[in-house]
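Below is the sequence, then the predicted model.
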Amino acid sequence: MFEGFSEFDIDVQSSPHVGIHGIHGGSGPALLLIHGFPQTHHMWHLITPHLVSQFTIVAVDIRGYGASTKLAHSNGHVNYAKSVMARDLKIVMESLGHTKYYVCAHDRGARVAHKLCVDYPSNVIKAIFLDICPTLAMYSKTDFEFAKAYFHWFFLIQPYPFPETMISQNPKLFAKQFMGGRHAGLEAFAPECLAQYFAVMEQPEAVHAMCEDYRASSTIDMEEARQDIADGKLIQNPLMVLWGKHGVIEKCFDALAEWKEVSKSVISGKSVDSGHYIPEEAPGILVESIKTFFV
């Protein structure tokens, strides 16, 4: 699916050991692509062929997902704090020789990218976030419509081992219902990609890691977000936000207003004719946005 790309596994943490898996290829300025839940770097397969002549692309599996390391439980869920996951990707990019780069990130990956922008502003040139609002805003402004649509935000954060046990009884069914229950259904995903996503969900350690990712978002990530705001550590990089007009962000939030609350930079963005999975539902729109914004 990624002809001309090379795979890598880069050690980003020694104790406990963490390795980040990914692919890289193309030529030009560096572009980091970060996937969401419950996916892998394979979600970018429809856009990378149109970008390799203009960008050196690095697409990763964030820790806990895909072929990257899946750590066990940690006190306070610190192993999956977005600040820690952002540091992973800074190390990956430095290891590949990139000190400045563009970032396009979806869903959970965009939450990592948010922290990457806040903690390492000199490394990120510009960023595009796909179909999210800031974690702190989404949790603190939860209403019935949001809770009903994003039930997993409240299910996955339940104490270990309850959600892990429930999901692992039939992980493929969970993935099918979760991904297929949105605007475009399962038809939005290439069979090869679904096979990858389902295979990861069959791993108990991956399910646990995904739950820990969400537990971190409801605890340490919100604590760090509040502290960043109090300290004036806001996004400084030019930011574009795209969200699906058939999704929850459009229905429940004012995306541009929420991002302006945590940014010192110029914010642009719009809804696009898509559901949540923009890279797979509306790849043409995303490719055009990347080519015009990342200049």
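Cool, got the structure. Just so it is clear, the model here is predicted, and its values are computed rather than measured.

Glu202: neighbouring residues, count only.
Per other CB atoms under 10 Å, the neighbour tally for Glu202 reads 12. Yep, even glycine has a C-beta here, placed from its N, CA and C like the rest.

Tell me the predicted confidence for it.
Looking at Glu202, its pLDDT reads 97.

And for His73?
Looking at His73, its pLDDT stands at 84.

Am I right that it is in contact with Arg215?
No: with contact defined as CB atoms under 8 Å, His73 does not count as touching Arg215 (9.2 Å).

Which neighbours do those two have in common?
Here His73 and Arg215 share no contacting residue, scored by CB atoms under 8 Å, 6 or more residues apart in numbering.

Between the two, which has more neighbouring residues?
The neighbour count for His73 versus Arg215, taken as other CB under 10 Å, is higher for Arg215 (22 against 13).

does that one belong to a helix or a strand, and which?
Arg215 is part of helix 204-217 when elements are defined by DSSP states H and E.

just checking, what packs against the next helix-or-strand element following that helix?
Where DSSP H and E defines the elements, the next helix or strand beyond helix 204-217 is helix 220-231. Helix 220-231 is packed against helix 82-95, helix 108-119, helix 135-140, with contacts defined by 3 or more CB pairs under 8 Å, 6 or more residues apart in numbering; DSSP states H and E.

what's the most buried one of those?
Neighbour counts (mean count of other CB atoms under 10 Å) averaged over each of these peak at helix 108-119, with a mean of 27.

got a list of contacts for the following helix or strand past it?
Helices and strands here follow DSSP H and E; after helix 108-119, the next one along the chain is strand 124-130. If you take CB under 8 Å, 6+ apart as the criterion, strand 124-130 is touched by 29, 36, 100-107, 110, 113-114, 116-117, 235, 237-243, 259, 278-279, 286, 289-290, 293-294.

before we move on, back to that, can I get the helices and strands packed on helix 220-231 in CSV including mean pLDDT?
Putting the helices and strands packed on helix 220-231 into CSV (pLDDT from 0 to 100) gives the following:
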stretch, mean pLDDT
helix 82-95, 98
helix 108-119, 98
helix 135-140, 97
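
Dump these to JSON lines, plus distance to Ala225.
Supplementary listing: those in JSON lines, determined by distance: least, CB to CB, whole Å:
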{"stretch": "helix 82-95", "distance to Ala225": "9"}
{"stretch": "helix 108-119", "distance to Ala225": "9"}
{"stretch": "helix 135-140", "distance to Ala225": "4"}
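
Of those helices, which is nearest Phe162?
Phe162 sits nearest to helix 135-140 of all these, at 19.6 Å, using CB to CB.

And that closest one, how far out from the chain middle?
The chain centroid and the centroid of helix 135-140 are separated by 16 Å, computed with CA atoms, centre = their mean, to the nearest Å.

The nearest residue to His73 once chain neighbours are set aside: which element?
Nearest non-adjacent residue to His73, counting by CB to CB, 6 or more residues apart in numbering: Tyr160, 6.1 Å away. Assigned by DSSP H and E, Tyr160 falls within no helix or strand.

and Tyr160, what is it in contact with?
His73, His208, Cys211.

rerun at 10 Å
Ala72, His73, His208, Cys211, Glu212, Arg215 (CB atoms under 10 Å, 6 or more residues apart in numbering).

Repeat that for His24.
Contacts of His24 were listed using CB under 10 Å, 6+ apart, and they are 2, 5-8, 30, 32, 56-60, 92-93, 96-98.

hmm, try it at 8 Å
Counted by CB under 8 Å, 6+ apart, His24 has contacts Phe5, Ser6, Phe8, Thr56, Ile57, Val58, Ala59, Leu96.
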